[in-house]
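# Okay, sequence plus prediction incoming.
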Amino acid sequence: MVKFIHAADLHLDSPFKGLTDLSADILQQVKDSTFISLEAIVSQAIEQSVDFVLFSGDIYDLEDRSIKAQLMFQKQMERLNDAAISAFVIHGNHDFVAKKADHLSLPGNVKVFSEQIETLYIETKSNETVAVSGFSYYKKWIEERKIQAYPVKDKKSDYHVGMLHGYAEGQQNVHARYAPFSLSELREKNYDYWALGHIHARQQLTDNPPVYYSGNTQGRHRNETGEKGVLLVSLSPTDKEVSFIPTAPIIWENLRLDVSQAKNLEETLKLTRDKLDMIQFKRVIIHLTLEVSDELPSRTLDKLKQKEFRDILQSGDANQFVYLSRIKVTIRKASDGSNSLSEMYPDGWRKAVDTLKSKEGFKDVTKELLQAPPFSDGLDEPTEDYLSELVDDAVELIEYDISLNEGV
Ligand SMILES: [Mn+2]
């Protein structure tokens, strides 16, 4: 049997910009979170007594690796070395190996793959041989299908594992510049496991052979929600087992709370607090959408939108906290919705919203506005995330919320 940990996309020393109103100790906890997750991964590897750990790319957030991140990785690899556990590392598009790079050294148990696809061998505790194939990025973009140069399964080894930082066809096409591959190309290699990196949402692509993105090890913003960690993999000639181990100290969530039973400020506050108290995670950053009653007085609505309301709902210290990165207030319709565009024209409405959320559609609709001053000079193109949020806000306004901006 071979037992290993599959980790990817650690993004060590991610900057976590924009969390400006966090208290200093919580902010420090957030900034340390990628390191704390790595420490937890190594502790798990030792506790589970694995044969090796795979790091499938984007270990560092930037190719210009911060000294702090290098020191931390070095220290954790030394812990593995002391426990006689090997580590295999490929570098990805974020931490590609730059020309004339001058990096801190790593202990002898760590094997870093080069630019060319290589196959390295390791013997397990039960004296079986495992072949591991992979390559590291030496530039940001790799358009060629590197998968084609991977060798087929080495028959002399008991197991063959592939490491690949790249984009599986069928995912969003913005990733096409990242060593693209198809599932059938992976299958042709006849490996026993594929340890993928690059996509930050944990997912299994197929069962036979087991092909997984382990996802990143710590969420970094509101689009990287839920528990994050690594996969623990055991393979034997007759069995395969893959299980998730959470290692991220901080969880990001998008939470929608229906507090429309509340008819005044006091009830709204109490109900929101009660619901936030039910959150199980120890340290959580929440993008909160509050669905409130359309019977709430508009002055109350204004209060809910003030920073003060957000401040009193937040609690905790670095060890345990609920932090609200944003509260969006939306009015839940009590009426029959007969005036609602989305109910009168469901298909057309959905189509309009989707069109607006695409970059081209948005450009087209806003071109007259944005091509005139002051917007015409040097306004950055909106990110997909920002665009989507902007359109959501517009939808809320059109559908429910005209009263929201009263008195602002
Ligand atoms: Mn990544």
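Yep, that arrived.
# From here on, just use CA atoms for contacts and neighbour counts.
Fine.
# ok, now which ones touch the residue of the stretch 51-200 of the chain found nearest the ion?
Distances between the stretch 51-200 of the chain and the ion by Cα to the ion are smallest at His198, namely 4.5 Å. The neighbours of His198, taking Cα atoms under 8 Å, 6 or more residues apart in numbering as the test, are Ala8, Asp9, Gly57, Asp58, Gly92, His165, Gly166, Tyr167, Tyr213, Gly215.
# Could you check the pLDDT of the fifth one?
Meaning Gly92. As predicted, Gly92 sits at a pLDDT of 96.
# Check the last one too.
Gly215 carries a pLDDT value of 97.
# Repeat that for the fourth one.
Each residue has a pLDDT score; the one for Asp58 is 96.
# same check, this time on the first one
The pLDDT attached to Ala8 in the predicted structure is 98.
# Please report phi then psi for it.
Note on Ala8: backbone dihedrals following degrees, to the nearest 10 are phi -160, psi 160.
# Same question for Asp317.
Note on Asp317: backbone dihedrals following degrees, to the nearest 10 are phi -130, psi -170.
# give me the number of residues near it?
When neighbours are defined as other Cα atoms under 10 Å, Asp317 has 14 of them.
# Look up which residues are beta-bridged to it.
Beta-bridge partners for Asp317, by DSSP bridges, are Gln320.
# gap between Arg256 and Ile286?
Distance of Arg256 to Ile286, given as Cα to Cα, to the nearest Å: 10 Å.
# which one of the two has more residues nearby?
Higher neighbour count among Arg256 and Ile286: Ile286, with 22 against 16, using other Cα under 10 Å.
# that's a strand at that one, yeah?
Yes - Ile286: assigned to a strand according to DSSP: H, G, I helix; E, B strand; the rest coil.
# Tell me the bridge partners for it.
With DSSP bridges as the rule, Ile286 is bridged to Glu253, Leu324.
# In three-state terms, label the nearest residue to Tyr159 once chain neighbours are set aside for me.
Distances taken as Cα to Cα, 6 or more residues apart in numbering place Val130 nearest to Tyr159, at 4.8 Å, with adjacent residues excluded. Following three-state DSSP, the label given to Val130 is strand.
# What of Leu232?
What three-state DSSP gives for Leu232 is strand.
# can you tell me which residues contact it?
Neighbours of Leu232 in contact, by Cα under 8 Å, 6+ apart: Lys3, Phe4, Ile5, His6, Glu241, Val242, Ser243, Phe244, Ile245.
# Try it again at 6 Å.
When contacts are counted by Cα atoms under 6 Å, 6 or more residues apart in numbering, Leu232 is found next to Ile5, Val242, Ser243.
# out of the contacts of His198, who's near the ion?
Of the residues in the contacts of His198, proximity to the ion by Cα under 5 Å from the ion holds for Asp9.
# Let me see the contact set for the nearest residue to Leu12 once chain neighbours are set aside.
Among residues not flanking Leu12 along the chain, Tyr60 sits closest, at 4.7 Å (Cα to Cα, 6+ apart). Tyr60 makes contact with His11, Leu12, Asp95 under the criterion Cα under 6 Å, 6+ apart.
# again, only using 8 Å
Tyr60 touches Asp9, Leu10, His11, Leu12, Asp13, Ala69, His94, Asp95, counting by Cα under 8 Å, 6+ apart.
# swap in Glu169?
Applying Cα under 8 Å, 6+ apart, the residues contacting Glu169 are Ala176, Pro180, Phe181, Ser182, Leu183.
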